[in-house]
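**Student:** need coordinates for the following:
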Amino acid sequence: MPADVTVLVPSLLRQFTDGHEELRLSVDGPVTLAEMLDVLGAQYPIFNRRIRDETGSLRRYVNVYVERDDVRRLRGTATEVQPGQEVLIIQSVAGG
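**Tutor:** As a prediction, this is how the structure comes out:
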């Protein structure tokens, strides 16, 4: 039975998700972070470009956590996301 994966969107990126602070993706089983971002990117292409570069890799100023685990310390965009899990995206803010 499908379950939702919840993606928490930081305030800086909400303008690219029609103001949504969380996005839900219904999945039947485990998906990779890349597959999940592909689906969300088709709906919100500018959001996708802010998260990933032209090669599909996460931009260096974007951190993504699956259930509090930094995906860079796991398998990057190949990290599996299970139904019911939460994905948190944090965009670094730089200033001078």
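**Student:** all strands for this protein, in order.
**Tutor:** 3-8, 22-27, 31-32, 62-66, 69-70, 80-81, 86-91 (DSSP state E).
**Student:** show me what the longest helix along the chain is in contact with.
**Tutor:** Longest helix in the chain by number of residues (criterion: DSSP state H): helix 33-43. With contact meaning CB atoms under 8 Å, 6 or more residues apart in numbering, helix 33-43 is reached by 5, 7, 23, 25, 27, 47-48, 51-52, 56, 64, 66, 71, 76-81, 87. No exception for glycine: its C-beta is placed from N, CA and C like everyone else's.
**Student:** now the buried members of those residues.
**Tutor:** Neighbour counting with 16 or more other CB atoms under 10 Å marks 5, 7, 23, 25, 27, 47-48, 51-52, 64, 66, 71, 77, 79, 81, 87 as buried within those.
**Student:** rewinding a little: dump the strands of the chain to TSV, plus mean pLDDT.
**Tutor:** As requested, the strands of the chain are exported to TSV (pLDDT from 0 to 100):
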stretch	mean pLDDT
strand 3-8	95
strand 22-27	95
strand 31-32	97
strand 62-66	96
strand 69-70	96
strand 80-81	97
strand 86-91	94
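**Student:** same list (the ones you listed) but as TSV, adding distance to residue 39.
**Tutor:** Below are the strands of the chain laid out as TSV (distance: least, CB to CB, whole Å):
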stretch	distance to residue 39
strand 3-8	10
strand 22-27	6
strand 31-32	8
strand 62-66	15
strand 69-70	21
strand 80-81	11
strand 86-91	12
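**Student:** ok, which of those comes nearest residue 15?
**Tutor:** Closest to residue 15 of the strands of the chain, according to CB to CB: strand 86-91, at 11.9 Å.
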